[in-house]
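>>> starting from these lines, generate the structure:
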Amino acid sequence: MQKTLTIRLLPSESASEGQIRSRIAETAGCPISDLSGYLILKRSLDARGRQPWILVTVRAFIRELFVTPELYSPQFKDVARAEHTVVVIGAGPAGLFAALKLLESGIRPILLERGKSIRDRRRDLAKLNREGTVDPDSNYCFGEGGAGTYSDGKLYTRSNKRGDIHRILSLLVYFGAEENILYEAHPHIGTNKLPGIISRIRNKILDCGGQFIFGERVTDFDIASDRMVAARTAAGSRYPADAFVLATGHSARDIFSLLQGKGIQLEAKPFALGVRVEHPQELVNSIQYHASIDKVALPPASYSLAEQVNGRGAFSFCMCPGGIIAPTATAPDELVVNGWSPSRRNNPFANSGMVVSVTLEDLSRLAGFGALAGMELQKEVERRAYVAGGGRQVAPAQRLVDFADGKDSVSLPGCSYIPGLRSVPLGEILPGFIWNALRKAFVLFGKKMKGFYTNDAVVVAVESRTSSPVRIPRQGDSFAHPQIRNFCPCGEGAGYAGGIMSAAMDGERVANQLAISISK
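Numbering: from 1, shown residues only. Here you go, the predicted model:
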């Protein structure tokens, strides 16, 4: 007999196999000897009360042979001599999972990545952190694996209707992720472990006969009537194919400009803009878990905050417990910050984006840029931040209460941001409606989360790449651009995803539909 049960455990009990089995048997109403085994279906933390609990949903096998299920094993095909070829532009999650789906469909992917491989990219990131030198083609946003590789690897998504979440997680396990991502409520791989997984995906693409080419920045497209014929690169190469998948991410501004210049339809899209806030992790733990609780068995605490301020949304974004703030600019004269955590989340600080919604109405003064108005606003703010920091990716910053009060910070607290901070009144950098909304939101957040509103926290500017400010339209179930029937934009850069999981699912959906249309 099999039963699906949810048990509640103290954090200290959740690490004990004996305690888990005992609680399952107790909940099932049977002796422990009748429990032959169990599968964990979901695990989550409930820290709403003064006593945190670990909630575990299991499938219990009672008086029935327990057999460990085999992990998912995809069937990739040898495509070295495949009849059809698809060029995939961009090796982030959307591009990689599109390529894997093409392999399963017997179509040969040619994956073009403007940046460098995992190993070579790591050297450029070290130089960026140490010297403040930005390589426009190899940074936290561009390179093998895309923005997610070196900026966290959080796998949580609300996009349940956009694809098969379990399949994406299973593929990640197949390529080396830990099995717990299959059942954790908020799965996370970690920046230290993602590179190995991404490298194994690349090797699979190559082993099956696909191509994976670095340093190929697409600069033009050959278009005949309503079909794309080839992609051209800065290196002078030309890549013809049956179809093209555009998966270049939310920071490929040159691609947006290229498409607009060729008269290919784009749309301005609402997005969010703000700052990154960092607290000591121990402070966040004490707020979320309460001072009287033994925290040894609990993970570093996180939070999620949202408020409406004068009819405008202000909210936390990409919260990184035990994390690090990183410089994520893609051009030498701009400054952008983001956050990431290693798999153990064991750094002494917790950081989160704190952003405010930007509507199309907010972009009216930039209407002359058409669909690229939001992109121009991002660039304005990022350049102001760069100048205010004094160059070399030193970030302008303020203590949190000082920020809300509009006061200069005489000094700044310790921070994980390696290039360093400079005390600057951030109201001089942020658009007025962003600054005022955040000032009020921080006070409200402090009422929800006692201890959040403190000058021990630092506000670092600017968090501006939350999502693409541009949408590249596509029509119906074909996922093709309305003007070019074999050109399929996907992922974050096209405005259809927001994170690793939703981007991967979108890439899969596009590739699957392409396979259907190509085979007709």
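
>>> run through the strands of the stretch 351-500 of the chain in chain order.
Taking DSSP state E, counting those that start in this stretch, the strands of the stretch 351-500 of the chain run over residues 395-399, 421-423, 458-463, 470-471, 487-489.

>>> any chance of the ones you listed in TSV, with mean neighbour count, distance to residue 62 and mean pLDDT too?
Yep, even glycine has a C-beta here, placed from its N, CA and C like the rest. Converted to TSV, the strands of the stretch 351-500 of the chain look like this (neighbours: other Cβ atoms under 10 Å; distance: least, Cβ to Cβ, whole Å; pLDDT from 0 to 100):
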stretch	mean neighbour count	distance to residue 62	mean pLDDT
strand 395-399	26	57	98
strand 421-423	17	58	98
strand 458-463	28	50	98
strand 470-471	22	51	98
strand 487-489	28	49	98
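
>>> of the ones you listed, which is nearest residue 236?
Of all those, strand 487-489 sits nearest to residue 236, with 21.8 Å by Cβ to Cβ.

>>> please name the strands paired to the closest one in the sheet, noting orientation.
Partners of strand 487-489 in the sheet, by DSSP bridges, are strand 243-246 (parallel).

>>> what does the partner strand contact?
The contact list for strand 243-246 (Cβ atoms under 8 Å, 6 or more residues apart in numbering) reads 86-90, 94-95, 98, 221, 228, 231, 255, 472, 486-490, 493-494, 507, 510-511, 514, 517-518.

>>> sorry, back to before: distance to residue 46 added to the strands of the stretch 351-500 of the chain, as a markdown table?
A markdown table is the format used below for the strands of the stretch 351-500 of the chain (distance: least, Cβ to Cβ, whole Å):
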| stretch | distance to residue 46 |
| --- | --- |
| strand 395-399 | 33 |
| strand 421-423 | 36 |
| strand 458-463 | 29 |
| strand 470-471 | 37 |
| strand 487-489 | 40 |
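
>>> which one of these lies nearest to residue 49?
Closest to residue 49 of the strands of the stretch 351-500 of the chain, according to Cβ to Cβ: strand 458-463, at 30.2 Å.

>>> the closest one relative to strand 395-399, how many degrees between them?
Relative orientation of strand 458-463 and strand 395-399, computed by axes from the mean of the first three to the mean of the last three Cα atoms, to 10 degrees: 140 degrees.

>>> surely residue 408 meets residue 399?
No - taking contacts as Cβ atoms under 8 Å, residue 408 lies outside contact range of residue 399: 9.6 Å.

>>> pLDDT below threshold where in this protein?
Applying pLDDT under 70 to the chain flags residues 151-153, 158-162, 291-296, 520.

>>> can you list the domains in it?
Per automatic domain parsing, the domain ranges recorded for the chain read 2-62, 85-266+471-519, 270-463.

>>> could you dump these into JSON lines and include distance to residue 68?
Below are the domains of the chain laid out as JSON lines (distance: least, Cβ to Cβ, whole Å):
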{"stretch": "domain 2-62", "distance to residue 68": "8"}
{"stretch": "domain 85-266+471-519", "distance to residue 68": "11"}
{"stretch": "domain 270-463", "distance to residue 68": "24"}
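
>>> returning to that earlier point: closest to residue 334 out of the strands of the stretch 351-500 of the chain?
Distance to residue 334, taken as Cβ to Cβ, is lowest for strand 458-463 among those, at 9.1 Å.

>>> for the closest one, packing partners?
Applying 3 or more Cβ pairs under 8 Å, 6 or more residues apart in numbering; DSSP states H and E, one finds that strand 458-463 contacts strand 271-280, strand 337-340, strand 349-358, helix 373-389, strand 395-399, helix 400-405.

>>> please repeat the previous calculation with a cut-off of 7 Å.
Where contact means 3 or more Cβ pairs under 7 Å, 6 or more residues apart in numbering; DSSP states H and E, strand 458-463 is packed against strand 271-280, strand 337-340, helix 373-389, strand 395-399, helix 400-405.

>>> in a markdown table: these, plus distance to residue 500.
Formatted as a markdown table, the helices and strands packed on strand 458-463 follow (distance: least, Cβ to Cβ, whole Å):
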| stretch | distance to residue 500 |
| --- | --- |
| strand 271-280 | 18 |
| strand 337-340 | 12 |
| helix 373-389 | 21 |
| strand 395-399 | 25 |
| helix 400-405 | 29 |
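
>>> out of these, which one sits most buried?
For those, ranked by mean neighbour count under the definition mean count of other Cβ atoms under 10 Å, the leader is strand 337-340 at a mean of 28.

>>> output that one in PDB, but only the C-alpha positions, please.
Extracted in PDB, the C-alpha atoms of strand 337-340 (Å, rounded to 0.1, in the frame of the first residue of the first chain):
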ATOM      1  CA  VAL A 337      24.600  45.300  -9.500                       C
ATOM      2  CA  ASN A 338      23.000  41.900  -8.900                       C
ATOM      3  CA  GLY A 339      23.200  39.200  -6.300                       C
ATOM      4  CA  TRP A 340      24.100  35.500  -6.000                       C
END
